[in-house]
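Chemist: here is the input, now give the coordinates:
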Amino acid sequence: MADMENGRFRVIIADDEAAIRNGLMTAIPWEQYHAEIAALPDNGTDALKAVMELKPDLAVMDIKMPGMDGLEVIRRAGEGGEKTRFLILSGYDDFALAQKAIRYGAKGYFLKPLKIDEFRDELSRQFAEIERDRKGSGAFSAEEMDTLMDSSRVFFLNQLIRGEIHSPDEAKRRAETLRIGDVNGRVRVAVVMHEKDDEQALSAVMRKYRANAGKLQTEAWLSGNRLNLMVFHSEGEDTVFRETLEKAMQGAEGRVYAGIGRAVEDITKAGASNISAVRAAGYMIYEVPGDVYDDSMVCRQEPAFSPAAIRFDPLLEAIKNADLSSISAYSHQFMQSLMFVKMPSPDYVRGMCIHLVNTAGMRLAAESPGGAPAGMIAAEEIAKKGSLREIEDWLTGKLRELSERFGERKETEDPLISRAKEYIREHMDQNIRARDVASVVNLSETYFTSYFKAKTGENFRDYVIREKMNLAMKLMKEKGMNVSEAAEATGYQDYRSFSRAFKNCTGMSPSEFCQ
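Modeler: Numbers count the residues shown, from 1 in each chain. Next up is the predicted model:
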């Protein structure tokens, strides 16, 4: 098994694809796991030979290989009394294969393409369990053992907040193994984020929190661009936790803000608490003192202002006339109209702003062929705006950009482009493909799409989708069509595809638009 002389784990990687073998060799920091690669067989026969002769601690095994498949390797190794742990790689999302692999003794089943972060978490757990089985051997220093335990603890905690552990017995067993506090009571998850995803600043918050947590039973760890905290506490300690967190955030480099999730009675429900914590953190746009937000702040009241209530005419008039002061005034009034309660959902505020900009662009396009502003706004573009003022400034800026583009492109449209757009308008109830339009204007598909982008500033596919969604809004609002009818009228046979395209273009679902 492990190389007892140097305290390292032995690993083999068996896969008939050299890219997989070499990729795992370079993508995984094996040194950090105190592990070394002992062999890289490219077929099942050599893989079994390596297991029997080298007796590795861990074998990463492709399920389909020449000579002998991974399952047969595991079966024969088990019959031979080998204690090697196996992690299976597979290009097949086959539940029966996974069941068979587990029955033969595999410790994990991973689909290709491999998610490296998840795989690294699993490696941490496997190596920690191997070392636990060998506990007392003295092969590892206390510092090395602590590193393995920390990696395994983070993997377990991440599984909990992702809602991947459903058995209370399993959760309690692993918590005890990893020396996590009493998990029999209430659990609450909190998240801390940084305006610029500064990991050093979040690490400093984590250190300050740990130093001042006192009797609070808390697990704190960094994962991705956030600091996670899981608190195991009884009634009456919520205030202490919040105050401790606020103190830890004070003096941080840059703006940090936190969301505290609702308490759950079972550790296996930590995922629900995490979801509510992330939702609460979104309320940072309201900049409350301390920048700590909890589930009690989340708005659950239905909005009083819907997309159908938006008056576009004054806005379009201001855009066409390049009246920047009126555009700014409209933006401010629009933001005010969204405040049907003191702190409405940040997703609602952002979604309505995206809807306003995209719909204004589509209406300008419909009124002035050839002068349409290009591009649709995606949710990611506004997601990092950290206050209502920043959101309003962003909205005003986007509307002013529409005005500039509209003014720049008031010119006679290319006849070829006019013919292409005419064809599109005449075939809105069909699946419009670039090659079909290209044949109408006597160009190759490749040259046509390049020509279209050069003349309009917009990708052909984006233009077609935008035109279809513009028509869909008109049909639902002015003709009273329901969502299914509008989808069919714009060439969508699949309601889900239509709904996804509509939301990408407008910032809201078709049903929300129709309210």
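
Chemist: tell me who's in contact with the closest residue to residue 403 other than its chain neighbours.
Modeler: Nearest non-adjacent residue to residue 403, counting by C-beta to C-beta, 6 or more residues apart in numbering: residue 319, 4.4 Å away. Backbone N, C-alpha and C define where each C-beta goes, glycine included. Residue 319 makes contacts with 327, 360, 364, 399, 402, 403, 406, as judged by C-beta atoms under 8 Å, 6 or more residues apart in numbering.

Chemist: tell me how far residue 319 lies from residue 513.
Modeler: According to C-beta to C-beta, to the nearest Å, residue 319 and residue 513 sit 21 Å apart.

Chemist: do residue 161 as well
Modeler: Counting by C-beta to C-beta, the gap from residue 161 to residue 513 is 34 Å.

Chemist: same check, this time on residue 440
Modeler: 32 Å.

Chemist: likewise for residue 331?
Modeler: Distance, residue 331 to residue 513, by C-beta to C-beta: 21 Å.

Chemist: now residue 274
Modeler: Distance from residue 274 to residue 513, by C-beta to C-beta: 31 Å.

Chemist: how is the chain carved up into domains?
Modeler: Split into domains by automatic domain parsing, the chain comes to 9-140, 178-297, 310-408, 415-514.

Chemist: could you pull out the helices for the stretch 201-350 of the chain?
Modeler: Under the criterion DSSP state H, counting those that start in this stretch, helices of the stretch 201-350 of the chain are mapped to 238-249, 270-281, 313-320, 324-337, 346-367.

Chemist: list the helices and strands the second one packs on?
Modeler: For helix 270-281, the elements it packs on are helix 142-161, strand 186-194, strand 256-260, strand 292-294, judged by 3 or more C-beta pairs under 8 Å, 6 or more residues apart in numbering; DSSP states H and E.

Chemist: burial of residue 280, as a residue count?
Modeler: 24 (other C-beta atoms under 10 Å).

Chemist: contacts only, for it.
Modeler: 259, 260, 261, 293, 294, 295, 297, 298.

Chemist: could you list every residue that touches the residue lying closest to it once chain neighbours are set aside?
Modeler: In space, and not counting its chain neighbours, residue 280 is closest to residue 259: 3.6 Å by C-beta to C-beta, 6+ apart. Counting by C-beta under 8 Å, 6+ apart, residue 259 makes contact with 190-191, 193, 276-283, 293-294.

Chemist: and if you look at residue 341?
Modeler: Going by C-beta under 8 Å, 6+ apart, residue 341 touches 299, 301.

Chemist: okay, residue 128 and residue 255: tell me how far apart.
Modeler: For residue 128, the distance to residue 255 - C-beta to C-beta - is 36 Å.

Chemist: the residue lying closest to residue 385 once chain neighbours are set aside sits in which helix or strand?
Modeler: Nearest residue to residue 385, sequence neighbours excluded (C-beta to C-beta, 6+ apart): residue 391, at 4.7 Å. Using DSSP states H and E, residue 391 falls within helix 388-408.

Chemist: residues of that helix that come out buried?
Modeler: By 16 or more other C-beta atoms under 10 Å, the buried positions in helix 388-408 come out as 388, 391-392, 394-396, 398-400, 402-403, 405-406.

Chemist: give me the residue ranges of the stretch 101-250 of the chain where confidence is low.
Modeler: 134-148, 234-236 (pLDDT under 70).

Chemist: and if we set it to 80?
Modeler: By pLDDT under 80, the weakly predicted segments of the stretch 101-250 of the chain are 117-118, 121, 131-152, 177-179, 181-184, 224, 233-237.

Chemist: quick one: which of residue 128 and residue 255 has more around it?
Modeler: Between residue 128 and residue 255, counted using other C-beta under 10 Å, the more crowded position is residue 128 (23 against 17).

Chemist: contacting residues for that one?
Modeler: Residue 128 neighbours (C-beta under 8 Å, 6+ apart): 148, 149, 151, 152, 178.

Chemist: OK, contacts around the last one?
Modeler: So that's residue 178. 128, 149, 152, 153, 156.

Chemist: at 10 Å instead, please
Modeler: Applying C-beta atoms under 10 Å, 6 or more residues apart in numbering to residue 178 gives the contacts 125, 128, 132, 149, 150, 152, 153, 154, 155, 156, 157, 219.

Chemist: now for those residues: which two are most distant?
Modeler: Farthest pair in those (C-beta to C-beta) is 132 and 219. Separation: 19.1 Å.

Chemist: who's more crowded, these two?
Modeler: More crowded of residue 132 and residue 219, by other C-beta under 10 Å: residue 219, with 21 against 14.

Chemist: ok, and the closest non-adjacent residue to that one?
Modeler: Per C-beta to C-beta, 6+ apart, closest to residue 219 is residue 230, 4.6 Å.

Chemist: identify the bridge partners of that neighbour.
Modeler: residue 189, residue 219 (DSSP bridges).

Chemist: and it, how many neighbours?
Modeler: 24.

Chemist: which residues sit in contact with it?
Modeler: For residue 230, the contacting residues are 157, 160-161, 180-181, 183, 187-190, 217-221, 261, 267, 270, 273-274, by C-beta under 10 Å, 6+ apart.

Chemist: pLDDT score assigned to the residue lying closest to residue 324 once chain neighbours are set aside?
Modeler: Once flanking residues are discounted, residue 324 sits nearest to residue 400: 6.0 Å by C-beta to C-beta, 6+ apart. Residue 400 is assigned a predicted lDDT (pLDDT) of 91.

Chemist: who's in contact with residue 400?
Modeler: 318, 319, 322, 324, 327, 328, 331 are the contacts of residue 400 under C-beta under 10 Å, 6+ apart.

Chemist: what about the second one, distance to residue 406?
Modeler: Here residue 319 is placed at a distance of 6 Å from residue 406 (C-beta to C-beta).

Chemist: again with residue 111
Modeler: With C-beta to C-beta as the criterion, residue 111 and residue 406 are 48 Å apart.

Chemist: same question for residue 479.
Modeler: To residue 406, residue 479 is 27 Å away according to C-beta to C-beta.

Chemist: and the two most separated of the contacts of residue 400?
Modeler: 322 and 331 (15.1 Å).

Chemist: these two: who's more crowded?
Modeler: For residue 322 and residue 331, the more surrounded residue by other C-beta under 10 Å is residue 331, and the numbers stand at 23 against 13.

Chemist: didn't that one look like it was pressed against residue 360?
Modeler: No - at 11.2 Å, residue 331 does not count as touching residue 360 under the criterion of C-beta atoms under 10 Å.

Chemist: overlap in contacts of these two?
Modeler: Common contacts of residue 331 and residue 360 (C-beta under 10 Å, 6+ apart): 315, 398, 399.

Chemist: surely the first one touches residue 361?
Modeler: No - with contact defined as C-beta under 10 Å, residue 315 does not count as touching residue 361 (11.1 Å).

Chemist: quickly list what's touching both of those two.
Modeler: 399, 402.

Chemist: residues in contact with stretch 469-488: which ones?
Modeler: 307-308, 355, 358-359, 361-363, 365-366, 372, 376, 425, 428-429, 468, 489-499, 501-506, 509-511, 513-514.

Chemist: now do the contacts for residue 40.
Modeler: Per C-beta under 10 Å, 6+ apart, neighbours of residue 40: 11-15, 18, 21-22, 24-25, 46-47, 50.

Chemist: show the buried residues in these.
Modeler: Using 16+ other C-beta under 10 Å, the buried ones in the contacts of residue 40 are 11, 12, 13, 14, 15, 21, 24, 46, 47, 50.

Chemist: how about stretch 166-175 as PDB, C-alpha atoms only?
Modeler: Extracted in PDB, the C-alpha atoms of stretch 166-175 (Å, rounded to 0.1, in the frame of the first residue of the first chain):
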ATOM      1  CA  HIS A 166     -29.600  13.100   2.600                       C
ATOM      2  CA  SER A 167     -28.900  10.600   5.300                       C
ATOM      3  CA  PRO A 168     -28.700  12.000   8.900                       C
ATOM      4  CA  ASP A 169     -26.800   8.900  10.000                       C
ATOM      5  CA  GLU A 170     -24.200   9.400   7.300                       C
ATOM      6  CA  ALA A 171     -23.900  13.100   8.100                       C
ATOM      7  CA  LYS A 172     -23.400  12.400  11.800                       C
ATOM      8  CA  ARG A 173     -20.900   9.600  11.200                       C
ATOM      9  CA  ARG A 174     -18.700  11.800   8.900                       C
ATOM     10  CA  ALA A 175     -19.000  14.800  11.200                       C
END
